[in-house]
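Peer 1: model this:
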Amino acid sequence: MASIIQVGGKWRAQVRRKGHKAMTRTFATRKEADVWARRIEAGIDEGKQALVADDLTVQQLLQQYRQMRAELGRPVQPVSNTHYMLQHLEEDLGGRLVRDLSPQCLGAWAKARAQQGAGGYTINMELSALGTAIRHTGAYLRLTLPDVVGLARPLLHYGQLITGGNRRTRRPTEDELARLLAYLDVHRPLVADAVRVAAVTGLRRGELARIAWADLDELRKAVLVRQRKHPRRIEARDEWVPLLGDAWAVVQRQARGDARIFPVSPETLTDNVTAATRALGIPDLRLHDMRRQATSALRELGFDADARKAVTGHRSDEVHSRYVAVSLEQLHAQYAAGRPDTGQRQRRQRKARGRQT
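Peer 2: This is a model prediction of the structure:
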């Protein structure tokens, strides 16, 4: 049973339980003291770690956030961006009390991250991860935690320590793609074929590494991509993707000694493409840019937005438009195809003048 006594003009609540550290806090009213004490006792009864906002460190906050995610069926995967962002936050701010975080404190942290080489967008993403952890973990532990991230954002934005992401438009040229595939054909043929399929279908690296022979539809020349990413859904979403053009032939020539069509990890795909572009001196080209290559090529072939989204799996026009990059060469070709020959046009003009006379 909690002990609540009046001390001067305030009320002190103390919770003592065997096997747990005694916790004491002072409040302005008896009601606030009662509510706090009941919450702490309920947490102990439910077997949760008894934490109070005043004593909560950033490290404890992030650990509780991971635990909450796991209990909700959305664990933080060890190779995910979220894992690495939380890891950075724990390394940099883990020893601080959440109550001591301030806009000035986060400004100093952001400046240190910038000096370490982190860009404004990266810092912004890590800041958002901290804000998410504070907001949801506070609800999970039934603690009132300050929105210090919201308070800090104007300061960090004014100091140009956080920025929005630049819209990426990179896609390989025909020459770059040919050189990349030729290099991979020699060093990693399996990866070369995976890239070929990605350049036609826009499949992400995780999807390439996951598609299976059992999910291939020979009649419709399509593959069922399981657990395909969706921006607004938590649950997995399976979706049929047509293996257009050369993609079908590339898939068919793979060895069938494994359940997966491309038995390789997503990280290996990325590492091999990165190593190849560096060896070839191709600047700033990533495996994920094949998704933009596929989307843009479909547009140039005359596929409308709905047809393209049926291949790429995009749900909104806004997101889909980010993956359309029109090349200057294609613009020239389209203009030339739609414009009559100059000499032919002049002959038509002279003929028309002759009829008028």
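Peer 1: What segments of the stretch 251-357 of the chain are helices?
Peer 2: Secondary structure of the stretch 251-357 of the chain by DSSP state H, counting those that start in this stretch: the helices cover 266-280, 289-300, 305-312, 317-321, 328-338, 342-356.
Peer 1: then the first one to CSV, C-alphas only?
Peer 2: Looking back up the chat, that one is helix 266-280. The C-alpha trace of helix 266-280 is given here as CSV (Å, rounded to 0.1, in the frame of the first residue of the first chain):
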residue,chain,number,x,y,z
PRO,A,266,19.5,-8.4,-49.8
GLU,A,267,22.7,-7.1,-48.3
THR,A,268,24.8,-9.2,-50.7
LEU,A,269,22.9,-7.8,-53.7
THR,A,270,23.6,-4.2,-52.5
ASP,A,271,27.3,-4.9,-51.7
ASN,A,272,28.0,-6.4,-55.0
VAL,A,273,26.3,-3.6,-57.0
THR,A,274,28.2,-1.0,-54.9
ALA,A,275,31.5,-2.8,-55.4
ALA,A,276,30.9,-3.0,-59.2
THR,A,277,30.0,0.7,-59.6
ARG,A,278,33.1,1.7,-57.7
ALA,A,279,35.3,-0.6,-59.8
LEU,A,280,33.8,0.8,-63.0
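Peer 1: That one - contacts with which helices or strands?
Peer 2: On a contact count with 3 or more Cβ pairs under 8 Å, 6 or more residues apart in numbering; DSSP states H and E, helix 266-280 meets helix 174-187, helix 189-201, helix 205-208. Heads up, the C-betas are built off the backbone N, CA and C, glycines and all.
Peer 1: So which of the ones you listed is nearest residue 73?
Peer 2: Nearest to residue 73 among those is helix 205-208; the distance by Cβ to Cβ comes to 18.9 Å.
Peer 1: Give me the contact list for that closest one.
Peer 2: 194, 197-198, 225, 228-229, 262, 266, 269-270, 287-288 (Cβ atoms under 8 Å, 6 or more residues apart in numbering).
Peer 1: In it, which residues are buried?
Peer 2: Residues of helix 205-208 classed as buried: 205, 207-208 (neighbour count, 16 or more other Cβ atoms under 10 Å).
Peer 1: Could you check how far it is from the centre of its chain?
Peer 2: Mean-position distance between helix 205-208 and its chain equals 14 Å (Cα atoms, centre = their mean, to the nearest Å).
Peer 1: Tell me the helix or strand right after that helix.
Peer 2: Sequence-wise, the next helix or strand downstream of helix 205-208 (DSSP states H and E) is strand 216-217.
Peer 1: Check the offset of that next one from the chain's centre.
Peer 2: 29 Å.
Peer 1: next one: stretch 100-114
Peer 2: Relative to the centre of its chain, stretch 100-114 is centred 24 Å away, using Cα atoms, centre = their mean.
Peer 1: in it, what counts as buried?
Peer 2: Buried residues in stretch 100-114, counting neighbours by 16+ other Cβ under 10 Å, are found at 101, 103, 106-107, 109-110, 113-114.
Peer 1: quick one: average pLDDT of that stretch?
Peer 2: The average pLDDT within stretch 100-114 is 94.
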